[in-house]
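Novice: Here is my input, please return the structure:
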Amino acid sequence: MPIPIAEKNFLVDTLSARLLFISLHYADPGSTGANEISGITRQSVTWSAASGGVASPTAAVVFNIPANAGSPYNITHWSAWSASSGGVLRRTGSLLTPRQVPTGGASILTFPVGTLTIDMNLGPTA
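Specialist: This next block holds a predicted model:
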């Protein structure tokens, strides 16, 4: 029997209320949050009320990426936390499209509204 939309919305809203900060990683964070990119601040996120079993941030999620003096690297994963530092790791996953951070100047990585979502797969996607 399929899960009714009202129940999907409830589950997604319950989950999103616990995903307060998003961080970026250069490799799989595993169950500990490993490989978090140093120098990039976790960004707070406020989720919309779920509709059709899906929620997304109410505003773009913007990361300021500091200048990379070493070799280029890829941002491949995300994690969701209970706090801006430390805290409890709630969810992890891989980006659908890795983002490359080039050597040289600082850059900005933006996830516009609607490109980062939570659905009944029970984790954000980007």
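
Novice: Am I right that Phe11 sits in a helix?
Specialist: Just to correct that, residue 11 is Leu rather than Phe. Yes: assessed with DSSP: H, G, I helix; E, B strand; the rest coil, Leu11 lies in a helix.

Novice: sec struct for Lys8, please.
Specialist: helix.

Novice: contacting residues for it?
Specialist: The neighbours of Lys8, taking C-beta atoms under 8 Å, 6 or more residues apart in numbering as the test, are 50, 52-53, 120. Any C-beta I mention is one placed from the backbone N, CA and C, and that applies to glycine too.

Novice: right, and Gly93 touches His77 too?
Specialist: Yes: between Gly93 and His77 a contact is recorded at 6.7 Å, counting by C-beta atoms under 8 Å.

Novice: the more surrounded of these two?
Specialist: His77 (24 against 17; other C-beta atoms under 10 Å).
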